[in-house]
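Peer 1: Attaching a predicted model along with its sequence, questions to come.
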Protein chains: 2
Amino acid sequence: MGKTWYIGVDVGGTTVKLAFVDDEGHIIDKWDIQTDTSHDGKNITSDISESIMVKLKEHNTAISDIKGLGIGAPGFINMENGFIFQAVNIGWHSYPLKEELEKATGLPVILDNDANTAALGEMWQGAGNGAEDLLCVTLGTGVGGGVITRGEIVHGVTGMAGEIGHITVIPEGGLPCNCGKRGCLETVSSATGICRMAIEGLAEHPNSALKRIFDETGDLTSKDVFDAAKAQDTWAILVVENAAFHLGMTLASVAMTLNPSKIVIGGGVSKAGDVLINPVNHYFKLYSLPRVYEGAELVLAELGNDAGVIGGAWLAKTKL
Amino acid sequence: MGKTWYIGVDVGGTTVKLAFVDDEGHIIDKWDIQTDTSHDGKNITSDISESIMVKLKEHNTAISDIKGLGIGAPGFINMENGFIFQAVNIGWHSYPLKEELEKATGLPVILDNDANTAALGEMWQGAGNGAEDLLCVTLGTGVGGGVITRGEIVHGVTGMAGEIGHITVIPEGGLPCNCGKRGCLETVSSATGICRMAIEGLAEHPNSALKRIFDETGDLTSKDVFDAAKAQDTWAILVVENAAFHLGMTLASVAMTLNPSKIVIGGGVSKAGDVLINPVNHYFKLYSLPRVYEGAELVLAELGNDAGVIGGAWLAKTKL
């Protein structure tokens, strides 16, 4: 009897994550391969295809049992033709990823931005818990976002919807952002932004535990900052408070626009847990209306690195 | 031969607007009736029904030619059962508007918030020009909003989506808003907010043309402020600049979230035209990314008071 499996793929700058996912969204098997960024990333699709064939053999499964492949990739994506405009970390420029991957695997392929596939994964199997109106925020080196309305990703007219990391929170005198603007949310509430602010204030806070760590190691991580805040370090608390203020206020603005039932917060920074989420929640409520904050549960992402492959499988299941 | 007509209805605190609309979205006939707010607004549905019957007779048209009725109403609406939680200006509290209007007219009825029906009207026949990702902003006494993704209104989980007038723009020390919060966009960029700021600064700007108008008439309108700004009055320009800064920056935040192809600006304040729209556009571009502002055209609403009835007809056409 035939199986009903989907393949989810999540392309990152270092590894490509892959998984077989069943019709109910459970991972049958998952594995990684290295991302070959040589030759402008042209070998990636054949690497993906070969590793799938090997795994299918291990599972005594025929390619005909795979109903489709959904792939998340970084960068700007043209949903209509499956082109990647630009994915700097990978090397793709105007690259027909969908077409190339269909050629290599013989499977129908659907492509979306990796922040969006992660959001769909959390909606289907993670913290979203089936919510149809959902905002996903990823706090890592940057701040990413995925917006879901009526159960589907909002792409917008040029695929830029959900770029909440580049909402301006400091209109004058903000720090420069990678996007070319200044004062974006990403400059204050990402791991990078949190560490930068913590380090910049060390001279004025010589008694902070962070000063000792920085003097010893020559650097600070966002985990250092959160750990110090948990231990009641005054400077660390101020830094976290600043990040939480801007994030909470931005989430309030976005929630006044979308009125989501869940706001899922993921990425490395979210591992800080309550020391971050509690003040974010405080400012979120302060700057939104009761019918909005009472309708929106702020929750931590549950799927970690699996969100992308599960979301890819969801796309394959629902869109192919 | 039977006709294919829809009825659009737009309930306001003073008048109820009605129209027969054909399958292409053209108004066959439109008229107003007074809004009877006595007895908690309980007569409104029978008033609507009676005026429809009179008009049908005038057009020698049978009720069977009407395919459905779409109605926009102010207040919080439960889309699932067609209840109005609360519409203060009308007198409705937990009122089953859909059911009552179906009983009174014998027609299938669909209900939405009036800001949303106006947005749908502009999408179908107005400045939206069929755009599937659309943000509508109404600048009047307050600031209203309607969000459309993939051609449909975003309601969110408690029907609050699109309440962009209550996005906080002044996090500390902002003026109180009708919603109970402080520093909402509505407090600075509505007609009320513009007039308030203009009046409050008159003592410091005794040479402003606005000072003379205020001394003569005892009040200022937003039109006074815009006219003075057009005539290069320094204080009036600063007031308009302030309203445009906050509106432009908020539109940028919302556009980074939704990536709309059109931002339609309507309401009485929008009649100011370029003197307002040009600085709004400046700040909108300053605080959004090129792929977002290049994708989003800022346009003035085109349908005026007809937007609501046309949007109601659109709902009847597509949802019944």
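Peer 2: Sure, I can see it.
Peer 1: Contact partners for A:Val154?
Peer 2: Neighbouring residues of A:Val154 by CB atoms under 8 Å, 6 or more residues apart in numbering or on different chains: A:Val147, A:Ile148, A:Ala161, A:Gly162, B:Asp133, B:Thr149, B:Arg150, B:Leu258, B:Asn259. Glycine gets a C-beta too; all of them are placed from N, C-alpha and C.
Peer 1: from the chain's centre, how far out does stretch A:18-29 sit?
Peer 2: 20 Å (CA atoms, centre = their mean, to the nearest Å).
Peer 1: ok, and what's touching that stretch?
Peer 2: A:3-10, A:30-33, A:48, A:51-52, A:55, A:58-59, A:61, A:66, A:124-125, A:306, A:309-310, A:313-314, A:317.
Peer 1: What ranges does the stretch 101-250 of chain A have for its helices?
Peer 2: For the stretch 101-250 of chain A, the helices defined by DSSP state H, counting those that start in this stretch cover A:114-125, A:185-189, A:191-200, A:209-217, A:222-230, A:234-258.
Peer 1: If you count neighbours, what's buried in the fourth one?
Peer 2: For helix A:209-217, a neighbour-count test (16 or more other CB atoms under 10 Å in any protein chain shown) marks A:Ala209, A:Leu210, A:Lys211, A:Ile213, A:Phe214 as buried.
Peer 1: Near chain B, list only the ones from those.
Peer 2: Near chain B, judged by CB under 8 Å from any CB of the partner chain, there are no entries from the buried residues of helix A:209-217.
Peer 1: From these, pick the one nearest chain B.
Peer 2: Nearest to chain B among the buried residues of helix A:209-217, counting by CB to the nearest CB, is A:Leu210 at 26.2 Å.
Peer 1: That closest one touches A:Ala198, doesn't it?
Peer 2: Yes - at 5.6 Å, A:Leu210 counts as touching A:Ala198 under the criterion of CB atoms under 8 Å.
Peer 1: Please identify every residue contacting each of these two.
Peer 2: Shared contacts of A:Leu210 and A:Ala198, counting by CB under 8 Å, 6+ apart, come down to A:Leu220, A:Asp224, A:Val225, A:Trp235, A:Ala236.
Peer 1: Which single residue of the stretch 101-250 of chain A approaches chain B most closely?
Peer 2: A:Gly156 (2.2 Å).
Peer 1: which ones are touching that residue?
Peer 2: Neighbour list for A:Gly156: B:Asp133, B:Thr149, B:Leu258, B:Asn259, B:Pro260, B:Ser261, B:Val292, B:Gly295 [criterion: CB under 8 Å, 6+ apart].
Peer 1: Report the beta-bridge partners for the second one.
Peer 2: Bridge pairing for B:Thr149 (DSSP bridges) gives the partners B:Glu152.
Peer 1: pretty sure it contacts A:Thr149?
Peer 2: Yes - at 5.1 Å, B:Thr149 counts as touching A:Thr149 under the criterion of CB under 8 Å.
Peer 1: can you count the residues close to the residue in the stretch 201-320 of chain A positioned nearest to chain B?
Peer 2: The nearest approach of the stretch 201-320 of chain A to chain B comes at A:Asn259, 2.2 Å away (CB to the nearest CB). A total of 27 residues lie near A:Asn259 under the criterion other CB atoms under 10 Å in any protein chain shown.
Peer 1: Let me see the ranges of the strands in chain A.
Peer 2: Ranges of strands within chain A are A:5-11, A:15-22, A:27-34, A:66-73, A:76-78, A:83-87, A:92-95, A:109-113, A:134-139, A:143-149, A:152-153, A:262-266, A:297-300, based on DSSP state E.
Peer 1: who's in contact with A:Glu122?
Peer 2: Listed by CB under 8 Å, 6+ apart, the contact partners of A:Glu122 are A:Gly128, A:Leu134, A:Cys136, A:Val264, A:Gly266, A:Ala301, A:Glu302, A:Leu303, A:Ala307, A:Gly311.
Peer 1: Likewise for A:Leu276?
Peer 2: Per CB under 8 Å, 6+ apart, neighbours of A:Leu276: A:Phe226, A:Val240, A:Ala243, A:Ala244, A:Val269, A:Ser270.
Peer 1: A:Met123 now?
Peer 2: Applying CB under 8 Å, 6+ apart, the residues contacting A:Met123 are A:Gly130, A:Ala131, A:Leu134, A:Ile148, A:Gly151, A:Gly311, A:Trp314.
Peer 1: If you drop the residues flanking it in sequence, what lies closest to the first one?
Peer 2: Ranked by CB to CB, 6 or more residues apart in numbering or on different chains and with sequence neighbours excluded, the top spatial neighbour of A:Gly130 is A:Met123, at 6.9 Å.
Peer 1: ok, back up a step: compare the shared contacts of A:Leu210 and A:Ala198 and tell me which is most surrounded.
Peer 2: A:Val225 (31 neighbours).
Peer 1: so where is chain A shaky, pLDDT-wise?
Peer 2: By pLDDT under 70, the low-scoring segments of chain A are A:1.
Peer 1: make it 80
Peer 2: Residues of chain A that meet the criterion pLDDT under 80 lie in A:1-2, A:88.
Peer 1: List, one by one, the residues from the stretch 201-320 of chain A near chain B.
Peer 2: Near chain B, when you scan the stretch 201-320 of chain A using CB under 8 Å from any CB, you find A:245, A:249-250, A:252-254, A:256-261, A:287, A:289, A:291-292, A:294-296.
Peer 1: Would you mind listing what in the stretch 51-200 of chain A touches chain B?
Peer 2: A:76, A:131, A:133, A:145, A:147, A:149-150, A:152, A:154-164, A:166-168, A:171, A:179-181.
Peer 1: And the buried ones among the residues you listed, selectable in PyMOL?
Peer 2: To isolate the buried ones among these in PyMOL, judged by 16+ other CB under 10 Å, type:
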select buried, chain A and resi 131+133+145+147+149+152+154+155+156+157+158+159+160+161+162+163+164+166+167+168+171+181
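Peer 1: Buried subset of the residues of the stretch 201-320 of chain A next to chain B as a ChimeraX selection?
Peer 2: Command for ChimeraX that selects the buried part of these, burial taken from 16+ other CB under 10 Å:
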select /A:245,249,250,252,253,254,256,257,258,259,260,261,287,289,291,292,295,296
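Peer 1: For the nearest residue to A:Ile310 once chain neighbours are set aside, the count of nearby residues, please.
Peer 2: In space, and not counting its chain neighbours, A:Ile310 is closest to A:Gly121: 3.7 Å by CB to CB, 6+ apart. The tally of other residues near A:Gly121 (other CB under 10 Å) stands at 34.
Peer 1: residues contacting A:Gly121?
Peer 2: A:Gly8, A:Leu303, A:Asp306, A:Ala307, A:Gly308, A:Val309, A:Ile310, A:Gly311, A:Gly312, A:Trp314.
Peer 1: if I look at A:Val157, how far off is B:Ser261?
Peer 2: Per CB to CB, to the nearest Å, A:Val157 is found 4 Å from B:Ser261.
Peer 1: Overlap in contacts, these two.
Peer 2: Counting by CB under 8 Å, 6+ apart, the common neighbours of A:Val157 and B:Ser261 are B:Ala131, B:Asp133, B:Gly295, B:Ala296.
Peer 1: could I get those residues as a markdown table with distance to B:Thr37?
Peer 2: Output for those, formatted as a markdown table (distance: CB to CB, whole Å):
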| residue | distance to B:Thr37 |
| --- | --- |
| B:Ala131 | 36 |
| B:Asp133 | 37 |
| B:Gly295 | 43 |
| B:Ala296 | 39 |
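Peer 1: Much appreciated, bye for now.
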